[in-house]
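> the following block contains a protein sequence and its predicted model.
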Amino acid sequence: MLDTVRLAALRDRLLNKYAYRWREVEAIDEIMDALFEVIPQSNSSPYTLGVNSIHLNDKGESPHPREPNWENEFKPYYYITVRSLRSGPFLTSYHEADRLLRSILPKWGYTIRCEPSQTKIRLERDTAHRDWFCGGAVATLIVAATLDLLAECPEEIKQWRSL
């Protein structure tokens with residue numbers, strides 16, 4: 001269950017122009033803890049192992065994506081990778097902020113309005129739309145608008161969410 005008071009406080013702090021040090025150092029971890037279950041801390045590095053696959057032929061070549069019917073010539077091979085448990089820089093990267101929004105609020109989109117004096121953003125779904133947010137970078141505004149929506153309507157969040 002989401003703590004709506006915590007989400008509203010994070011939204012306010014995120015939009016506070018004097019909280020730049022907090023945004024730089026602690027904000028991402030606090031927002032992730034508020035939106036997802038808290039990951040227990042340990043003394044080990046924040047990494048995990050993952051399994052990926054690749055298709056190769058006998059010569060070690062990968063198929064061209066547009067090449068038809070390559071299933072018989074190319075075989076799947078599996079390999080282990082190391083993955084970071086850290087989330088992306090969603091407060092500074094538009095693409096990461098967009099990915100965060102779509103992973104937790106898949107039914108919602110947004111409109112960005114760029115004016116000479118400021119950039120504004122608001123969340124929208126079908127005919128419903130939220131208030132405009134301004135006073136920061138686009139990525140930060142997407143996250144602030146997301147926190148605002150969830151502080152008022154926590155039932156909107158996707159129940160099974162991941163990054």
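Here it is on my side, so go on.

> which residues of the protein score low on pLDDT?
Filtered on pLDDT under 70, the chain yields the residue ranges 37-49, 67-71, 83-88, 161-163.

> try it again at 80.
Within the chain, the stretches with pLDDT under 80 are 1, 36-52, 55, 64-73, 81-88, 159-163.

> any idea how far the spatially most central residue of the chain is from Trp160?
Central residue of the chain (Cα atoms, centre = their mean): Leu100, 2.1 Å from the mean position. Separation of Leu100 from Trp160 (Cβ to Cβ, to the nearest Å): 15 Å. (C-beta placed from N, C-alpha, C; glycine too.)

> please apply the same query to Arg113.
Arg113 is 32 Å from Trp160, by Cβ to Cβ.

> cool, Glu96 as well?
20 Å.

> this protein: helices as residue ranges?
Per DSSP state H, the chain carries helices over the ranges 4-15, 20-25, 27-35, 94-104, 138-152.

> who's in contact with Ile54?
By Cβ atoms under 8 Å, 6 or more residues apart in numbering, the contact set of Ile54 is Ser62, Pro76, Tyr77, Tyr79.

> what are the bridge partners for it, then?
Judged by DSSP bridges, the bridge partners of Ile54 are Tyr77.

> spatially nearest residue to Ile31, not counting backbone neighbours?
Leu10 (5.8 Å; Cβ to Cβ, 6 or more residues apart in numbering).

> contacts only, for the one you found.
Ala27, Glu30, Ile31, Ala34, Leu147.

> does the third one touch Ala144 like I think?
Put plainly, it is Ile31. No: taking Cβ atoms under 8 Å as the definition, Ile31 is not a contact partner of Ala144, at 10.0 Å.

> on that earlier part again, the more surrounded of Glu96 and Trp160?
The neighbour comparison of Glu96 against Trp160 (other Cβ atoms under 10 Å) goes to Glu96, with 19 against 4.

> I'd say the more buried one and Ser103 touch.
No: at 10.5 Å, Glu96 does not count as touching Ser103 under the criterion of Cβ under 8 Å.

> got the end-to-end distance for stretch 65-79?
Length of stretch 65-79, first residue to last, Cα to Cα, to the nearest Å: 20 Å.

> next one: stretch 14-25
First residue to last in stretch 14-25 (Cα to Cα) measures 12 Å.

> can you point out the buried residues in that stretch?
Buried residues in stretch 14-25, counted by 16 or more other Cβ atoms under 10 Å: Leu14, Leu15, Arg23.
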